[in-house]
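>>> Turn this into a structure:
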Amino acid sequence: MRGLFALLAGALFGAVLTVSGMTDTAKVQGWLDLFGNWDPTLAFVLGGAILPMLLAWRIAARLEKAVLGTAIPTPSEPVIDRRLIAGSALFGTGWAIVGLCPGPAMAVLGYGGGDALLFFGAMAAGMLGNRLLALPAKAATP
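Model (predicted):
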């Protein structure tokens with residue numbers, strides 16, 4: 001049952017990314033081009049994602065178990081350190097250059113051709129390289 005829900009959620013997510021324009025690299029790059037030919041339409045996508053999640057988080061906070069009976073993990077304390085800042089800068093730079101981030105990159109694998117496959121391979125190699133080479137994060141000191 002869990003696999004079926006994962007398949008349905010992934011298919012819905014991919015469809016929403018496609019319909020909303022998040023898989024259109026030119027549209028994403030236009031959204032990120034604040035000082036050039038800025039395209040504000042993805043702000044509606046962002047708002048359309050944030051509002052339902054605010055409601056979902058409020059509901060989840062009152063539940064002891066998820067719909068499928070598994071435990072709901074408690075959020076960890078946010079830690080802002082060099083690794084987070086460096087990773088965010090790398091993510092943002094890659095997103096701006098290519099116009100894809102991990103979710104849309106997976107969605108375009110079905111129709112994106114060789115460029116999408118090349119980007120996905122490079123992204124996966126970077127994720128694997130980070131796991132293999134990264135030092136463990138230091139605990140935050142109060």
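>>> what helices or strands is the helix or strand where residue 116 lies leaning on?
Following DSSP states H and E, one finds residue 116 within helix 113-133. If contacts are counted by 3 or more CB pairs under 8 Å, 6 or more residues apart in numbering; DSSP states H and E, helix 113-133 sits against helix 102-108. For the C-beta atoms, the positions are set from N, CA and C on the backbone; glycine is no exception.
>>> What lies in contact with the helix it packs on?
13, 14, 17, 18, 22, 23, 28, 100, 116, 119, 120, 123 (CB atoms under 8 Å, 6 or more residues apart in numbering).
>>> what do you get for stretch 49-69?
1, 2, 5, 71, 72.
>>> Any idea how far it is from the middle of the chain?
18 Å (CA atoms, centre = their mean, to the nearest Å).
>>> average pLDDT for it?
On average, the pLDDT along stretch 49-69 is 88.
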